[in-house]
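Chemist: got a predicted structure here, sequence first:
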Amino acid sequence: MSAVLPRLLRGLGPDGASIDLAGHLDLWGALPAADPGRLIDAVGDAGLRGHGGAWFPAATKWRAVAGAGRRAVVVANGAEGEPVSAKDALLLERLPHLVLDGAVAAAEAVGAGRVIAFVPSRRRARLREAIEARRRARIDGMPIELAIAPDRFISGQETAAVSFLNGRGGLPTSARLEPVWRRGVDGAPTLLHNVETLAHVALIARFGPDWYRQAGRPDAPGTVLLTVTGTDGRPTVVETQKGVALGAAVGSIDRRRCRGVLLGGYGGTWLDPDSANTLPVSEEAARAAGATLGAGIVALLPHDRCPLAETARLVRYLDGEKADQCGPCVRGLTGLAYELEALAFGPRVVGDAGRRIEQLCDLVEGRGACRHPDGAARLVRSALRVFADEVRQHQERGPCPEAGAAAWLPTGDDGRRRPSPRPGPPRPAGMASASRFR
Ligand code: SF4
């Protein structure tokens, strides 16, 4: 594994400042002339997967959309609904031309006639400025549209994004019945990618698949952006090669300071610190461990917070963010939130709370149009497993003293929602480069 970092974050420079179009072209050069079939093959040979959370092979989507003609649409999805994620915000604020290059290259490769940047309102000004600079420089063969994503947890979900862009309220639909690559924006085949995926495309288009694979491992090539919230509560965006141990990528996970590690976001998985320390950074390794890398969220829970209280707050938040259209999700998530709150904060738990919570997980899993309830169930099951001692103590003696502490993970109602990217000095870590923000 050769040390070739930073890649995506190279454009930040020592002070982490935003890069304009001239600086971007100085650093990376212009996109090569479009060679559609070649770029699709290059993306496939690179082994690029979607970095939005599903980790689906990118070239498979591209081949499904290619051939639909100019009707096809490419969507750069920067909605980033996870409150604790900031890697997409960092890319959009600081390195927007890498994302837009990737979107335009993808559109040319699949023969699409439209590119839409789908971003939260807080990124509107920066994206508008970047799109206007490209229009003045006439570097793109098609106009780039800007659409503002609603500020909701599920906004970035593929079918929810397409529903919103079609003016239908932004509710998820079953991708099994109608995948967006067949019928998406305005009924046209739609290639929707997370903005980090497109930033990788921009570099693969320039340097090819062999270069991409120089980082990472043969079974998990390339690099990935992680949003790491340390035990001090300070979030940092880190770029690391896939396949390195998570502890090395984030600068060590110390059991004496960290009680548990949340991997993959609010629909992700709690891990005990020792397992997290040695877990290779890749979706494949995470799945083998019963977890998911998701959108690259890593949060280190300190010892002065109660993991059951944090989990209860997250499930109450997820319950509030559901789209209220599938029965098991509507009723089941509310019941799950109630049971967890009773276990975390209630004076005394009646009966076997763990068993009731498992039954509610069974009720919601695999029953919704989207994966929202599956994520909540995965989070809860992992909490019962990793924090089994805490579950027993709460069950027998009531809430621990830490359960009364303030919320540590942001959930939107505590004034800590959504840190905006703010660059800081690069960390001296050997295998990762970083940009700090708050
Ligand atoms: S599963 Fe839940 S969040 Fe997803 S569409 Fe159905 S009600 Fe909405």
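Modeler: Structure received.

Chemist: what about the residue of the chain found nearest the ligand, distance to G267?
Modeler: Of the residues in the chain, the one nearest the ligand is G368, at a distance of 2.2 Å by Cβ to the nearest ligand atom. No exception for glycine: its C-beta is placed from N, CA and C like everyone else's. To G267, G368 is 12 Å away according to Cβ to Cβ, to the nearest Å.

Chemist: shared neighbours, those two?
Modeler: With contacts defined as Cβ atoms under 8 Å, 6 or more residues apart in numbering, the residues shared by G368 and G267 are D374.

Chemist: tell me the residues on the stretch 151-300 of the chain that lie near the ligand, please.
Modeler: For the stretch 151-300 of the chain, the residues in contact with the ligand (Cβ under 6 Å from any ligand atom) are P172.

Chemist: any regions of the stretch 151-300 of the chain where pLDDT drops low?
Modeler: By pLDDT under 70, the low-scoring segments of the stretch 151-300 of the chain are 175-177.

Chemist: where do the strands sit along it?
Modeler: Using DSSP state E, counting those that start in this stretch, the strands found in the stretch 151-300 of the chain span residues 190-194, 216-217, 220-221, 223-229, 235-241, 258-263, 269-271, 297-302.

Chemist: tell me which other helices or strands the third one touches.
Modeler: Right, the one you point to is strand 220-221. In terms of contacts (3 or more Cβ pairs under 8 Å, 6 or more residues apart in numbering; DSSP states H and E), strand 220-221 is packed against helix 283-288.

Chemist: give me that answer again for 10 Å
Modeler: Contacting strand 220-221 under the criterion 3 or more Cβ pairs under 10 Å, 6 or more residues apart in numbering; DSSP states H and E are the following elements: helix 195-213, helix 283-288.

Chemist: can you check the last one too?
Modeler: Other elements packing on strand 297-302 under the criterion 3+ Cβ pairs under 10 Å, 6+ apart are strand 223-229, strand 235-241, helix 246-250, strand 258-263, strand 269-271, helix 273-278, helix 307-321.

Chemist: spatially central residue in this structure, please.
Modeler: A295 (2.2 Å; Cα atoms, centre = their mean).

Chemist: excluding chain neighbours, what is closest to that one?
Modeler: Using Cβ to Cβ, 6 or more residues apart in numbering and skipping residues adjacent in sequence, the residue nearest A295 is G53, 4.5 Å away.

Chemist: what about that neighbour, neighbour count?
Modeler: 25 (other Cβ atoms under 10 Å).

Chemist: and it, that's in a helix?
Modeler: No: residue state for G53 (DSSP: H, G, I helix; E, B strand; the rest coil) corresponds to coil; a helix is not indicated.

Chemist: from A137, how far off is it?
Modeler: Here the criterion is Cβ to Cβ. By it, G53 lies 33 Å from A137.

Chemist: what ranges does the stretch 301-438 of the chain have for its helices?
Modeler: Taking DSSP state H, counting those that start in this stretch as the test, the helices found in the stretch 301-438 of the chain are 307-321, 327-345, 353-364, 372-386, 388-397.

Chemist: any chance of the ones you listed in a markdown table, plus distance to A406, mean pLDDT and mean neighbour count?
Modeler: As requested, the helices of the stretch 301-438 of the chain are arranged in a markdown table below (distance: least, Cβ to Cβ, whole Å; pLDDT from 0 to 100; neighbours: other Cβ atoms under 10 Å):
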| stretch | distance to A406 | mean pLDDT | mean neighbour count |
| --- | --- | --- | --- |
| helix 307-321 | 10 | 96 | 23 |
| helix 327-345 | 13 | 92 | 20 |
| helix 353-364 | 24 | 94 | 18 |
| helix 372-386 | 19 | 96 | 23 |
| helix 388-397 | 18 | 94 | 15 |
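
Chemist: let's have those helices in JSON lines, adding distance to L25.
Modeler: Formatted as JSON lines, the helices of the stretch 301-438 of the chain follow (distance: least, Cβ to Cβ, whole Å):
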{"stretch": "helix 307-321", "distance to L25": "40"}
{"stretch": "helix 327-345", "distance to L25": "47"}
{"stretch": "helix 353-364", "distance to L25": "49"}
{"stretch": "helix 372-386", "distance to L25": "40"}
{"stretch": "helix 388-397", "distance to L25": "53"}
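
Chemist: how about a markdown table for those, with distance to the ligand added?
Modeler: Formatted as a markdown table, these follow (distance: least, Cβ to the nearest ligand atom, whole Å):
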| stretch | distance to the ligand |
| --- | --- |
| helix 307-321 | 8 |
| helix 327-345 | 3 |
| helix 353-364 | 8 |
| helix 372-386 | 4 |
| helix 388-397 | 26 |
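
Chemist: A202: which of the ones you listed is closest?
Modeler: Of all these, it is helix 372-386 that lies closest to A202, at 29.2 Å by Cβ to Cβ.

Chemist: quick check, the residue nearest to the centre of the chain in contact with F153.
Modeler: No: with the criterion set as Cβ atoms under 10 Å, A295 and F153 do not qualify as a contacting pair; they are 11.7 Å apart.

Chemist: mind listing the shared neighbours of the two?
Modeler: In the contact map built from Cβ atoms under 10 Å, 6 or more residues apart in numbering, the residues linked to both A295 and F153 are 81-82, 265, 267.

Chemist: that'll do, ta.
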